[in-house]
Structure formats: structure tokens, C-alpha cells
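*Asks:* coordinates for the following, if possible.
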Amino acid sequence: MSDQRDRPPSWRQAHKASFMEKYSKILPAAEADTGNETLSLIARLIGGMDIIEAQKSGDDDKLVETASVALGAAQQTAMEFERFLKPFLRAFEEPSFRDSRDPLKWMLTFTASTLFPGARKEPDLVFVPLPANYVSFLIEHLNALDHGERDTIFQPNQTGKHSHPYAWAKAREEAILHVCFMQGGGRTKTSSRELVGKAIGVASNTLRDWEREISDFDFDNAREAGRLEEQRINVGIPWPKVMDAHVEAMADRLSGKLPGFARWYREEFGKRHWAGAGD
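*Replies:* This next block holds a predicted model:
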């Protein structure tokens, strides 16, 4: 894969100059010069959107035009930030990563780690820094999938495990989090395992084995969320006005969700178990 970052600076300057000239006439002037062309453009873009929203005209053409400028501004911003992200972008140059889905998965995971935990379920826009040549590479493989080709970077690995091994691994993780949530609410670990096991149709000793297999993923946050839930329901103490973001996300994930999770687990994976026995 060629590296567009090896292009001379003049190419980037020409790209930016062309973009600025194209859109400078359709955006209002910024109130103050930030000293940086890209930041000034963003300020003008915000001003233009403020005008459109204030007018409440519903002009789709104007909105599409503004969206086009916004994407261009985002691209220019990506160029500005590239020098800060070089340590991460080098992953796309590694021989073991090249022409595979590994760098995409790695960068998506890294981007998700920077998000506020509760935001991960929201439809908010997230920018994922990917080199332009790798984006073209992904498009080619998606087009290949559309034409029925199976030999792409999106072909599943042959693991020899149960069908849907990843979904089952995540389901086991969710079951253990429910155990920790109940434990945080004041139950013993044994009692919590028995309740969750009965709900999903799994022996309590199987849940114990799962705990040993799963790393301490987010157990402490699940227990703290369970403690706060217990205080809210049985003591009447409301949720704290300020909560740790990870605890808040865990409370939203687990509070009142065991019945629904149990129904889903039984439907999807119930046939893998039988009464009174582990896996």
C-alpha cells in the first residue's frame, strides 16, 4: 500500500488552498481570526449553520451544501491532527497488519476507548483516523463482498469452536456482570450465581467456571452500580448527582435488564446446557 503521507508538503498546501477557495464564498466571515486556516474555517462553518438554524428555512440544498463543507473541514482537521497521531497510524504500515482487518479493528477499539462510556450506545458522530490509502483498501474489499467474493479481509477466521463463539463469549461476560451487580446489592456471590443461573438456565457451578475464564473485565464497576441500585430502591437514596462515568454506564446496562437478557440467552444458547450440568 502506498503511503500518501510521503507526498510533498506542496501537495497538502495545494489541497487546502483549493478547498478554502472553493468554499470561502459561501460561508460568512469569522468574527475573529484564529490564526489557523482550518480553525477559522470551522468557526465560519459554525456561523453558517447558526444562520441556517435561526432561519428555520428547511432548505435541504443549503443543508446538503453545508454538510459537504463540514466533511471537507473535517478532512482538513484530520490533516492538522495527523502529526499528533503518527504513532498510531504507523500500525497500518506494519507488515503483519498490512492488507488485513487488524489495523481497522485496532483503531476502532482505540477510538472507542476515548469515548465517554455512556456515549458508546448513542448515534453521535465519531471520527476514526484512518489513512486514505487504507480507506480505499476497505472500499475495494466491501465491493468484492457485494460481488460475492469470499476471500476478503472480512472472511471469518476458522476457530473450530461452537457456532457464534464471539456472541456466546459476550453473553457469558454479561451473565457474570449480572452476578457482580447482584453481589454489589448485598447478596452473597453464591446466592447471586444461583439467581442468575436459574434465570438463564445454567448451573451455578458453570457460572463459577465462567468467572475463572473471564478477566476482571468491569466487575468492580458492576458491583458499585449494584450497590447504588440497592440504595435507590430499598433505602430511598437517589442516584448521586455526580457518578463515575463507567459506573453510570454499567448501571444503565444492568439495572432491570436480567429478565430480558435471560430470555434472550435461553433462546440463543439454551440448547448448549442441560438441567443441573455445566458445559
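*Asks:* please report the distance of residue 180 from residue 193.
*Replies:* From residue 180 over to residue 193 the distance is 10 Å, taken as CB to CB, to the nearest Å. All C-beta atoms are positioned from the backbone trio N, CA, C, and that covers glycine.
*Asks:* same check on residue 63?
*Replies:* 54 Å.
*Asks:* between the two, which is the more surrounded one?
*Replies:* The neighbour comparison of residue 63 against residue 193 (other CB atoms under 10 Å) goes to residue 193, with 26 against 14.
*Asks:* pLDDT value on the closest residue in space to the more buried one that isn't next to it in sequence, please?
*Replies:* Excluding the flanking residues, the one nearest residue 193 by CB to CB, 6 or more residues apart in numbering is residue 204, at 4.2 Å. The pLDDT attached to residue 204 in the predicted structure is 92.
*Asks:* who's in contact with residue 204?
*Replies:* 190, 193, 194, 197 (CB atoms under 8 Å, 6 or more residues apart in numbering).
*Asks:* the last one: which element?
*Replies:* Right, residue 197. Per DSSP states H and E: residue 197 is located in helix 189-200.
*Asks:* now that helix: buried residues?
*Replies:* Judged by neighbour count using 16 or more other CB atoms under 10 Å, the buried positions of helix 189-200 are 192, 193, 194, 196, 197, 199, 200.
*Asks:* then stretch 226-240?
*Replies:* Here stretch 226-240 shows 226, 227, 228, 229, 230, 231 as buried, counting by 16+ other CB under 10 Å.
*Asks:* and stretch 63-74, by the same measure?
*Replies:* For stretch 63-74, by 16+ other CB under 10 Å, it's 66, 69, 70, 72, 73.
*Asks:* all helices of this protein, in order?
*Replies:* 9-23, 37-55, 60-89, 102-113, 132-146, 165-184, 189-200, 204-213, 219-230, 245-254, 258-269 (DSSP state H).
*Asks:* what helices and strands are in contact with the longest one?
*Replies:* Looking back up the chat, that one is helix 60-89. Packing partners of helix 60-89 (3 or more CB pairs under 8 Å, 6 or more residues apart in numbering; DSSP states H and E): helix 9-23, helix 37-55.
*Asks:* worst average pLDDT in those helices?
*Replies:* Among the helices and strands packed on helix 60-89, helix 9-23 scores lowest, at a mean of 58.
*Asks:* now residue 194. Nearest residue, chain neighbours left out?
*Replies:* residue 204 (4.9 Å).
*Asks:* next one: residue 223
*Replies:* residue 184 is the one closest to residue 223 (CB to CB, 6+ apart), at 3.4 Å.
*Asks:* so that neighbour makes contact with residue 224?
*Replies:* Yes. Counting by CB atoms under 8 Å, residue 184 touches residue 224, with 6.0 Å between them.
*Asks:* neighbour count winner among the two?
*Replies:* Each of residue 184 and residue 224 has its neighbours counted (other CB under 10 Å); residue 184 has more, 24 against 20.
*Asks:* need the per-residue pLDDT for that one.
*Replies:* Looking at residue 184, the pLDDT reads 95.
*Asks:* so where's the stretch 151-279 of the chain uncertain?
*Replies:* Applying pLDDT under 70 to the stretch 151-279 of the chain flags residues 151-152, 157-163, 216-217, 274-279.
*Asks:* and the gap between the nearest residue to residue 183 once chain neighbours are set aside and residue 207?
*Replies:* In this structure, residue 183 finds its nearest non-sequential neighbour in residue 192, 4.7 Å apart by CB to CB, 6+ apart. For residue 192, the distance to residue 207 equals 9 Å [CB to CB].
*Asks:* now the common contact residues for those two.
*Replies:* Contacts common to residue 192 and residue 207, judged by CB under 8 Å, 6+ apart, are residue 179.
*Asks:* buried sites along stretch 72-83?
*Replies:* 72, 73, 76, 78.
*Asks:* what do you get for stretch 206-214?
*Replies:* 206, 207, 208, 210, 211.
*Asks:* what separates it from the chain centre, distance-wise?
*Replies:* 26 Å (CA atoms, centre = their mean, to the nearest Å).
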